[in-house]
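> dropping the sequence and predicted coords here.
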Amino acid sequence: MPPRDPRELPFGEQASFRRATAPAALQPTALVRPRASAADEAPVRRGRHGGYEPAHRAAPTALQRAVAPLLTTAALVGIGTFALFSGVNGGNPDPNAALPAPTLTVQRVADRDDAASRSLLSRSPDLAAPTASASPSASPSASSPTPSASPSTSPSASPKPKPTKPAPPKPSPTFTRKPAAPPPKPKPTKHVVRPVAGLDQQQMDNAAAIVKKALDMGLPRRAMVIAVATSMQESALYNLASYAVPESLDYPHQGTGADHDSVGLFQQRASGSWGTVQQIMNPSYSAGAFYAVLVTVDGWQNLPLTVAAQSVQISAFPDAYAKHEDNATTVVNALLG
């Protein structure tokens, strides 16, 4: 008597036990076959899970083994013949003839596509692109043979970008410090000496012009004293014009005189050899003209002041110069410091 619990059976026999103990109503009738005799049963082998499986198909007979290669060869020959005469090779019976380039077939397909596209655009112009586009060119796939060098089918080669030379590095700006500007030269200040010996500022300025001209000419102090004393006597150290010489009134002057055509600090006559009226009205020029004649007098440095001055001026009052010698000396000392 079988055990009640199928789990007590071995794992491989549990399925057989369940089929054997199942009710008849649950047995699949479609799979029930009459049990054949032991001689007619095909050899079986035990499965992995303990069940039984039918054996493999029976081995082919000797006739089948002999006919199988012939059938395979005939099938291959038939397929080759059909491919040859169906136009795959262009109807060329010569098997050694080179096959046409596949690009021709691709071109025909592209031409048909272009014709269809043009026909469609002629019927529906709204489908046209806003901008004209180039017709699609046939591009063979990577697995297809090398396309022929036809300009109509080969893709347009894009121009290679020209190599650009790198721009040379710009030199870094160098900042050079500009040399400092030299300090501006101080403007020469006119040394103004306060009046002495009872003179005013105009007289003192005219005396300074006489002294400076002597310094420029390299003359000693004695020449300065003689010239200042002579101007004190002739024009009281003022630069005088004259109504007798109307031109003298056109130049800067500090008063007018009435001694014929005599003008300037030393009352030098415009009609003589002292120079032009414009030159004589210049204090520096008139002093230089006086010194130029003084240095021509023999021993002028040792002569009395009145004699030296008279030798230059040829005045009607030769002794009048002597009274100004002390004041002239005081003025020259003040100007020379």
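Nice, I can see it. Numbers count the residues shown, from 1 in each chain.
> what comes up buried for stretch 266-286?
Neighbour-count burial for stretch 266-286, counted by 16 or more other CB atoms under 10 Å, picks out 266-270, 274-275, 277, 279-283, 285-286. C-betas here are computed from N, CA, C, even on glycine.
> tell me the two of those residues that are most distant?
269 and 283 (16.8 Å; CB to CB).
> so residue 163: helix, strand or coil?
coil (DSSP: H, G, I helix; E, B strand; the rest coil).
> neighbours of it, how many?
6 (other CB atoms under 10 Å).
> from residue 256, how far out is it?
Separation of residue 163 from residue 256 (CB to CB, to the nearest Å) stands at 96 Å.
> what's stretch 279-296 in contact with?
206, 209-210, 212-214, 217, 219, 223, 226-227, 230, 239, 241, 248, 251-253, 263-266, 268, 270, 274-275, 300, 308, 311-312 (CB atoms under 8 Å, 6 or more residues apart in numbering).
> now a ChimeraX select for only the buried ones of those residues.
The buried subset of those, as determined by 16+ other CB under 10 Å, is captured in ChimeraX by this line:
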select :206,209,210,213,214,219,223,226,227,230,239,241,248,251,253,263,264,265,266,268,270,274,275,300,308,311,312
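> in helices, which of the contacts of stretch 279-296 fall?
In helices, defined here by DSSP state H, the members of those are 206, 209-210, 212-214, 217, 223, 226-227, 230, 308, 311-312.
> and the two most separated of those?
Between any two of the ones in helices among the contacts of stretch 279-296 (CB to CB), the greatest distance is 23.3 Å, for 212 and 311.
> and residue 230, how far from residue 80?
Taking CB to CB, one finds residue 230 at 151 Å from residue 80.
> no no, residue 316
Distance, residue 316 to residue 80, by CB to CB: 162 Å.
> repeat that for residue 198.
Following CB to CB, the distance that separates residue 198 from residue 80 is 153 Å.
> again, but for residue 196
In terms of CB to CB, residue 196 sits 148 Å off from residue 80.
> also residue 239?
In terms of CB to CB, residue 239 sits 142 Å off from residue 80.
> surely residue 306 meets residue 321?
Yes - counting by CB atoms under 8 Å, residue 306 touches residue 321, with 4.5 Å between them.
> pLDDT wise, what is the nearest residue to residue 304 once chain neighbours are set aside at?
Leaving out its chain neighbours, the residue that sits closest to residue 304 by CB to CB, 6 or more residues apart in numbering is residue 322, at 7.2 Å. On pLDDT, residue 322 comes in at 92.
> give the contact list for residue 322.
304-306.
> that one: what secondary structure?
helix.
> okay, it and residue 332: tell me how far apart.
In terms of CB to CB, residue 322 sits 16 Å off from residue 332.
> tell me which stretches of the stretch 101-250 of the chain form strands.
Using DSSP state E, counting those that start in this stretch, the strands assigned to the stretch 101-250 of the chain run over residues 241-242.
> just to revisit the earlier point, neighbour-wise, which of residue 198 and residue 80 wins?
A direct count of neighbours by other CB under 10 Å for residue 198 and residue 80 places residue 80 higher, at 11 against 8.
> what sits against that one?
Counting by CB under 8 Å, 6+ apart, residue 80 has no contacts.
> quick one: it and residue 73, what's the gap?
The value you get for residue 80 to residue 73, if CB to CB is used, is 11 Å.
> then the longest helix seen in the chain to PDB, C-alphas only?
The longest helix of the chain (DSSP H) is helix 62-85. Taking C-alpha atoms only, helix 62-85 is exported to PDB below (Å, rounded to 0.1, in the frame of the first residue of the first chain):
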ATOM      1  CA  ALA A  62      22.100   4.500 -45.700                       C
ATOM      2  CA  LEU A  63      19.900   5.700 -48.600                       C
ATOM      3  CA  GLN A  64      19.200   8.900 -46.900                       C
ATOM      4  CA  ARG A  65      22.900   9.500 -46.300                       C
ATOM      5  CA  ALA A  66      23.600   8.900 -49.900                       C
ATOM      6  CA  VAL A  67      20.900  11.200 -51.300                       C
ATOM      7  CA  ALA A  68      21.300  14.200 -49.000                       C
ATOM      8  CA  PRO A  69      24.600  15.600 -50.600                       C
ATOM      9  CA  LEU A  70      23.100  15.300 -54.000                       C
ATOM     10  CA  LEU A  71      20.000  17.200 -53.000                       C
ATOM     11  CA  THR A  72      22.100  20.000 -51.500                       C
ATOM     12  CA  THR A  73      24.200  20.300 -54.600                       C
ATOM     13  CA  ALA A  74      21.200  20.500 -56.900                       C
ATOM     14  CA  ALA A  75      19.600  23.200 -54.700                       C
ATOM     15  CA  LEU A  76      22.700  25.300 -54.800                       C
ATOM     16  CA  VAL A  77      23.000  24.900 -58.600                       C
ATOM     17  CA  GLY A  78      19.400  25.900 -59.000                       C
ATOM     18  CA  ILE A  79      19.700  29.000 -56.900                       C
ATOM     19  CA  GLY A  80      22.800  30.100 -58.900                       C
ATOM     20  CA  THR A  81      21.100  29.600 -62.200                       C
ATOM     21  CA  PHE A  82      18.000  31.500 -61.100                       C
ATOM     22  CA  ALA A  83      20.200  34.400 -59.900                       C
ATOM     23  CA  LEU A  84      22.100  34.400 -63.100                       C
ATOM     24  CA  PHE A  85      19.100  34.600 -65.400                       C
END
